[in-house]
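Chemist: Take this sequence and fold it.
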Amino acid sequence: MSKNLVIVESPAKAKTIQKYLGKDFDVKSSFGHIRDLPKKGMGIDLATFSPDYEVSADKKKLVTELKAAVKKAEMVWLASDEDREGEAIAWHLSDELKLKPENRKRIVFHEITKNAILKAIDNPRDIDQNLVNAQQARRVLDRIVGFEMSPVLWKKIKPGLSAGRVQSVAVRLIVEREKEIREFVPKASFKLDGIFLNQAQQEISAKLKKDFNKEEEAEKFLELAKATEFKVLNVETKPGTRSASAPFTTSTLQQEASSRLGYNVTNTMRIAQRLYEEGYITYMRTDSVNLSQEAIEGAKKQITSEYGAEYSAPRNYTTKSSSAQEAHEAIRPTDFSVKSVGDVQLNKLYQLIYRRTLASQMANAKIEKTVIEIGNAKLPQNFEAQGEVIIFDGFLKAYGIVKAEDDDEENNEKLLPKVKVGEVLDYKRITATEKFTRPSARYTEAGLVRKLEELGIGRPSTYAPTIQTIQNREYVDKREIEPQTREVVKISLTKNNIKKEVLEEKFGGDKNKFIPTDIGEVVNDFLTDHFKEILDYGFTARVEESFDEIASGDQKWKQMMNDFYSKFHPRIEDVEENADRATGERLLGTDPKTGKNVHARIGRFGAMIQIGETDDEEKPVFASLMTGQNIATITFEEALELFKLPFDLSEVDGQPVSVGVGRFGPYVKWGETYISIPKGEDPLSVDQKRAEEIINEKKIADAPIASYKGEPVTKGTGRFGPFIKYKSIFVNVPKKYDFENLSQSDINELIDAKLEKEANRYIQQWEKEKISIENGRWGPFIKFGKAMFKIPKKSDDTKYEGEELKEISLDEVKKWITDQDPKAFAEKKKPAAKKPAAKKTTTTAKKTTTTAKKTVAKKPAAKK
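Modeler: Sure thing, here's the model as predicted:
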């Protein structure tokens with residue numbers, strides 16, 4: 001057994017390090033944190049703010065194994081990441097494994113290369129308690145905020161909601177941007193573009209230097225221009241430079257990966273983690289743009305050998321952010337001679353990092369910018385044409401393009417033909433186009449990261465989890481916004497002829513951008529009304545600064561917690577006692593049929609329209625909103641239309657047909673089959689003819705494309721992509737297959753593989769009870785409905801083998817489930833208890849009013 005035990009937090013990292021350290025060292029992984037605050041309960045003594053950490057159930061065996069390894073080692077090297085989270089992991093390991101100071105060493109490195117690892121071994125240190133305390137302060141404060149604010153939301157809005165210090169501020173940014181877009185009133189103006197010809201008949205594109213506010217002004221200018229002789233009034237040429245961007249920080253990498261590769265923040269960090277653990281790049285959680293001297297020298301050598309000495313311009317960048325953590329380095333390649341990596345997905349991100357870092361150490365690009373002014377003294381405004389020529393490509397050479405990495409396509413200026421002052425030009429076409437101002441854009445993931453960083457909210461390690469959390473909580477989503485249409489005026493002057501056209505343009509459409517949900521808006525408005533300080537951008541940034549001060553030893557973490565909680569808790573008590581319930585309710589108008597009020601509000605199952613009051617003798621009726629509708633913007637007329645759904649049509653092939661709206665949007669129901677109505681199509685516009693078309697399309701789509709062992713095989717496209725269906729089994733079709741032209745052998749191959757996988761999936765299965773023992777990625781487990789449960793150890797503290805699990809009785813499995821969730825089977829009986837209530841609702845609705853009938857018919861559709 002090795003005398004030296006190295007513990008890291010990731011198995012991939014362990015594998016790479018083991019390769020460099022050799023047989024004298026045994027490298028093991030802790031698989032992240034081995035202990036944390038308990039999952040149930042707060043786990044914090046609010047008198048002293050002391051956390052009650054516990055080893056999670058899934059880590060107990062691992063901790064036992066690590067303790068055994070520690071006993072056999074003379075020295076334990078704690079080699080978790082160099083940030084606060086990594087320092088906390090090292091501290092927890094030391095505390096839980098009861099390591100003595102003389103038998104432990106803390107080592108850090110920002111890249112996993114042989115030199116870096118050996119250098120770290122030669123320069124160990126002890127655990128930095130200040131960094132640990134900064135991580136504890138964040139964890140404890142965020143737990144307190146979540147545990148105390150969330151129950152207030154359950155009581156005042158609806159059960160199951162949550163609040164968090166950073167997540168709630170991120171939601172606020174998205175909600176405020178959406179409100180800004182709703183309130184935005186576009187203003188029209190006319191922009192003029194001209195195409196002119198010189199004596200050599202070369203085209204020069206130019207823009208008028210001033211826009212016109214009114215159509216009449218634009219038209220008057222074109223009338224003047226019709227008979228005007230255009231001349232070159234001025235030609236100005238001046239040198240300029242373009243400089244490269246600084247190397248990547250976490251946030252700039254996330255932004256660039258989003259705009260260049262279309263990666264979301266989570267994917268970017270997942271791929272960057274792999275690149276780091278496999279030794280290709282330096283540590284990926286950093287807010288520093290600094291490069292080590294070794295890296296600068298490495299880049300210089302690569303640039304000089306590949307491009308020439310004139311392209312090399314070594315430099316270091318300074319981090320603008322005052323909150324930049326510790327002495328980190330920017331994200332960069334560990335070896336500049338490695339120009340690509342084998343894995344295609346890893347290589348895309350690696351290329352981004354490689355080029356950005358290399359470019360940052362290269363000479364500025366030299367450009368020559370030319371501005372040509374075109375006009376006539378008779379005209380109130382002149383045209384201007386701009387273009388540029390790259391004299392020396394400099395850092396642009398690293399990108400293999402003649403455009404900087406942050407240039408916009410629209411601003412990519414063209415090379416202009418040679419002209420002289422006084423030269424007469426002919427106009428080929430001058431166009432005045434009506435343009436409308438646009439509101440600020442909705443946030444993309446990268447844009448939200450940029451804004452959070454700009455406000456000083458969060459740190460490199462928190463951006464991705466925050467963005468994931470607000471989506472998981474369904475406070476925001478990325479649903480597609482259908483564009484609207486408006487008329488625009490276009491006036492063209494060609495060869496002394498003026499032509500006016502009225503065109504249509506689409507506007508306001510969006511996709512893959514953050515939009516708040518109804519519940520997200522209601523929660524945000526409640527929190528900003530009652531917890532202004534917690535949701536204040538400045539306050540959240542100041543909390544981050546306090547964590548930074550704790551990390552540098554300038555502030556005591558428990559004192560910081562005491563200062564915070566002494567103001568926070570009384571506010572919680574006050575809001576819980578005195579605040580009104582929040583439903584986001586809007587009174588839209590009065591129902592013309594019943595004379596009752598029509599409300600838009602949040603109900604128990606989400607956003608809805610309600611006709612009548614809850615305390616009326618006759619119960620109110622409800623309708624769910626359709627996809628794309630919002631309680632904050634829905635109109636009275638749109639709300640009343642919802643009560644026309646569901647409606648019945650004539651039977652097709654002896655099966656009843658209806659149109660309604662369910663959980664996944666509008667549908668046509670044919671017999672027991674639900675068929676989605678195409679995106680953007682109004683369900684109220686679906687008549688008998690259109691319904692039959694939709695049903696026929698479904699028939700064609702569901703028609704067998706082949707057979708397998710005498711049974712039909714169909715195909716379709718679902719939430720997770722293309723699939724084929726055999727009996728009740730869905731088989732995903734990977735991209736390597738031509739989905740539109742699947743052969744019989746393709747189908748056989750896909751189904752064979754799926755059946756083989758399924759055969760190995762179940763150890764035992766009780767279909768009627770919806771209970772099974774299955775093989776999983778990390779070993780066997782129990783599945784009950786959609787819930788998963790662990791298999792306990794045997795009485796001798798060993799695991800059950802697969803063959804033994806085949807003999808376990810159903811009663812024993814039920815006992816295992818109940819031990820982990822005492823209410824598991826009681827909850828399954830709840831729906832049956834609701835039946836009498838449903839009947840009661842039906843019998844109380846004996847009045848044969850149209851509204852009451854719709855209420856009863858509506859409920860099943862709303863649940864669907």
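
Chemist: And what about residue 668, helix, strand or coil?
Modeler: The assignment at residue 668 comes out as strand when based on DSSP: H, G, I helix; E, B strand; the rest coil.

Chemist: and it, what does it touch?
Modeler: Applying Cβ atoms under 8 Å, 6 or more residues apart in numbering, we find residue 668 in contact with 657-659, 674-675, 677, 686, 691, 694-695. Placement of C-beta: from N, CA and C, glycine included.

Chemist: Nearest to residue 722 among these?
Modeler: The closest of the contacts of residue 668 to residue 722 turns out to be residue 675 (Cβ to Cβ; 18.1 Å).

Chemist: show me what contacts residue 667?
Modeler: Contacts of residue 667 by Cβ under 8 Å, 6+ apart are 659-661, 674-677, 683, 864.

Chemist: Now render these as a markdown table, adding distance to residue 705 and secondary structure.
Modeler: Shown next, in a markdown table, are the contacts of residue 667 (distance: Cβ to Cβ, whole Å; DSSP: H, G, I helix; E, B strand; the rest coil):
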| residue | distance to residue 705 | secondary structure |
| --- | --- | --- |
| 659 | 29 | strand |
| 660 | 30 | strand |
| 661 | 31 | strand |
| 674 | 22 | strand |
| 675 | 19 | strand |
| 676 | 20 | strand |
| 677 | 24 | coil |
| 683 | 29 | helix |
| 864 | 28 | coil |
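
Chemist: Pull out the buried members of the residues you listed.
Modeler: Neighbour counting with 16 or more other Cβ atoms under 10 Å marks 659-661, 675, 677, 683 as buried within the contacts of residue 667.

Chemist: From the residues you listed, which shows the smallest pLDDT?
Modeler: Across the buried ones among the contacts of residue 667, the smallest pLDDT goes to residue 661, namely 84.

Chemist: Would you agree it is in contact with residue 626?
Modeler: Yes. Using Cβ atoms under 8 Å, residue 661 is in contact with residue 626, at 5.3 Å.

Chemist: quick one: common contacting residues for the two?
Modeler: Joint contacts of residue 661 and residue 626 (Cβ under 8 Å, 6+ apart) are 642, 683.

Chemist: Can you check my assumption that residue 134 lies in a helix?
Modeler: Yes. Residue 134: assigned to a helix according to three-state DSSP.

Chemist: low-scoring pLDDT stretches of the chain, where are they?
Modeler: For the chain, the stretches flagged by pLDDT under 70 are 1-2, 320-327, 401-414, 827-864.

Chemist: number of nearby residues for residue 580?
Modeler: 9 (other Cβ atoms under 10 Å).

Chemist: That one: what secondary structure?
Modeler: Residue 580 - assigned by three-state DSSP - is coil.

Chemist: which residues touch it?
Modeler: residue 156.

Chemist: how about 10 Å then?
Modeler: 156, 526, 529-530 (Cβ atoms under 10 Å, 6 or more residues apart in numbering).

Chemist: Show me where the stretch 101-250 of the chain has its helices.
Modeler: For the stretch 101-250 of the chain, applying DSSP state H, counting those that start in this stretch gives helices covering 114-122, 129-156, 165-183, 215-226, 250-261.

Chemist: Buried residues of the shortest one, list them for me.
Modeler: Neighbour counts using 16+ other Cβ under 10 Å place 116-117, 120-121 of helix 114-122 among the buried residues.

Chemist: One more: the longest one?
Modeler: Neighbour counts over helix 129-156 (16+ other Cβ under 10 Å) mark 130-149, 151-153, 156 as buried.

Chemist: show me where the stretch 701-850 of the chain has helices.
Modeler: Shown for the stretch 701-850 of the chain, the helices assigned by DSSP H, counting those that start in this stretch span residues 744-761, 802-805, 810-820, 824-828, 830-833, 835-844, 850-863.

Chemist: Regarding residue 513, what are the backbone dihedral angles?
Modeler: phi -120, psi 150 (degrees, to the nearest 10).

Chemist: Look up how far residue 505 lies from it.
Modeler: 20 Å (Cβ to Cβ, to the nearest Å).

Chemist: Which residue of these two possesses the greater neighbour count?
Modeler: residue 513 (20 against 15).

Chemist: can you tell me how far the residue nearest to the more buried one when sequence neighbours are not counted sits from residue 185?
Modeler: Among residues not flanking residue 513 along the chain, residue 442 sits closest, at 3.7 Å (Cβ to Cβ, 6 or more residues apart in numbering). Separation of residue 442 from residue 185 (Cβ to Cβ) stands at 18 Å.

Chemist: neighbour-wise, which of the two wins?
Modeler: residue 442 (22 against 6).

Chemist: so the more buried one touches residue 477, yeah?
Modeler: No. In this structure, residue 442 is not within contact of residue 477 by Cβ atoms under 10 Å, at 11.5 Å.

Chemist: Now for those two: what residues contact both?
Modeler: 514-516.

Chemist: and residue 735, what are its phi and psi?
Modeler: Given degrees, to the nearest 10, the pair of backbone angles that residue 735 has is phi -60, psi -20.

Chemist: List the contacts of it.
Modeler: Residue 735 is in contact with 721-722, counting by Cβ under 10 Å, 6+ apart.

Chemist: How about residue 468?
Modeler: Counting by Cβ under 10 Å, 6+ apart, residue 468 has contacts 167, 264-266, 445.

Chemist: host element of it?
Modeler: helix 463-472 (DSSP states H and E).

Chemist: Now do the buried residues in that helix.
Modeler: For helix 463-472, by 16+ other Cβ under 10 Å, it's 463-467, 469-471.

Chemist: Could you do stretch 546-566 as well?
Modeler: By neighbour count on 16+ other Cβ under 10 Å, the buried set for stretch 546-566 is 546-551, 555, 557, 560-561, 564-565.

Chemist: Relative to residue 174, which of these is nearest.
Modeler: Nearest to residue 174 among these, with distances taken as Cβ to Cβ, is residue 547, at 24.0 Å.

Chemist: Excluding residues flanking it in the chain, which one is nearest that closest one?
Modeler: residue 134 (4.9 Å).

Chemist: how near is the one you found to residue 329?
Modeler: Residue 134 is 20 Å from residue 329, by Cβ to Cβ.

Chemist: now the closest residue to residue 302 other than its chain neighbours: how far from residue 299?
Modeler: Using Cβ to Cβ, 6+ apart and skipping the chain neighbours, the partner closest in space to residue 302 is residue 336 (3.9 Å). Distance, residue 336 to residue 299, by Cβ to Cβ: 6 Å.

Chemist: which residues sit in contact with residue 36?
Modeler: 43, 51, 53-56, 59, 88, 92, 139, 143.

Chemist: Go through those and flag which are in helices.
Modeler: Among the contacts of residue 36, the members found in helices (DSSP state H) are 88, 92, 139, 143.

Chemist: I figured the last one hits residue 39, correct?
Modeler: No. In this structure, residue 143 sits apart from residue 39 without contact. The criterion is Cβ under 10 Å, and the distance is 11.1 Å.

Chemist: returning to that earlier point: generate CSV for the buried residues of helix 114-122, with distance to residue 572 as supplementary columns.
Modeler: CSV is the format used below for the buried residues of helix 114-122 (distance: Cβ to Cβ, whole Å):
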residue, distance to residue 572
116, 47
117, 48
120, 45
121, 49
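
Chemist: Among the residues you listed, which one sits closest to residue 377?
Modeler: Using Cβ to Cβ, those come closest to residue 377 at residue 116, 69.1 Å.

Chemist: Just give the number of residues close to the closest residue to the closest one other than its chain neighbours.
Modeler: Spatial nearest neighbour of residue 116, chain neighbours left out: residue 109 (4.3 Å); criterion: Cβ to Cβ, 6+ apart. Residues lying near residue 109 (other Cβ under 10 Å) number 20.
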